[in-house]
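Student: need a 3D model of the sequence below.
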Amino acid sequence: MLACSKKIFNKFLFVSVFFLIFSVVSSVLLASAKQKCVKKTSDVNSHQVQVQQRQIIYHLEKIEKRIVSKQSARE
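Tutor: Predicted structure coming up:
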């Protein structure tokens with residue numbers, strides 16, 4: 001076992017515990033910030049997808065009307 005004075009051991013222990021607490025707190029804060037960021041981007045993305053879906057449905061309905069009107073004109 002390594003021989004060291006009690007004073008040096010206590011300083012090392014204090015620094016180690018402080019570093020452990022700091023790393024746990026920083027990882028929790030970073031994880032929560034990342035979750036908030038992901039949720040915001042998913043909300044924005046879902047809104048953009050809904051807008052695109054509405055546009056696609058609108059264009060498909062226009063195409064359908066054209067096809068129906070051409071078929072009725074042939075008859």
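
Student: now do stretch 49-69: distance to the chain's middle.
Tutor: Averaging C-alpha coordinates over stretch 49-69 and over its chain gives two centres that are 31 Å apart (C-alpha atoms, centre = their mean, to the nearest Å).

Student: pLDDT on that stretch, on average?
Tutor: Per-region confidence: stretch 49-69 scores 93 on mean pLDDT.

Student: swap in stretch 20-40?
Tutor: For stretch 20-40, the mean confidence score works out to 82.

Student: which other residues reach that stretch?
Tutor: By C-beta atoms under 8 Å, 6 or more residues apart in numbering, no surrounding residue is in contact with stretch 20-40. Every residue, glycine included, has its C-beta placed from N, CA and C.

Student: now it, how far from the centre of its chain.
Tutor: Averaging C-alpha positions (C-alpha atoms, centre = their mean) puts stretch 20-40 13 Å from its chain's average.

Student: how about stretch 63-72?
Tutor: Between the centre of stretch 63-72 and the centre of its host chain there is 43 Å, according to C-alpha atoms, centre = their mean.

Student: tell me the buried residues in that stretch?
Tutor: Residues of stretch 63-72 classed as buried: none (neighbour count, 16 or more other C-beta atoms under 10 Å).

Student: just the CA atoms of it, as CSV, please.
Tutor: Listed next in CSV are the C-alpha coordinates belonging to stretch 63-72 (Å, rounded to 0.1, in the frame of the first residue of the first chain):
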residue,chain,number,x,y,z
ILE,A,63,-55.0,15.8,-60.5
GLU,A,64,-57.9,13.6,-59.6
LYS,A,65,-60.4,16.3,-60.7
ARG,A,66,-58.6,16.7,-64.1
ILE,A,67,-58.7,12.9,-64.7
VAL,A,68,-62.4,12.8,-63.8
SER,A,69,-63.2,15.7,-66.0
LYS,A,70,-61.3,14.2,-69.0
GLN,A,71,-63.1,10.9,-68.5
SER,A,72,-66.5,12.6,-68.4
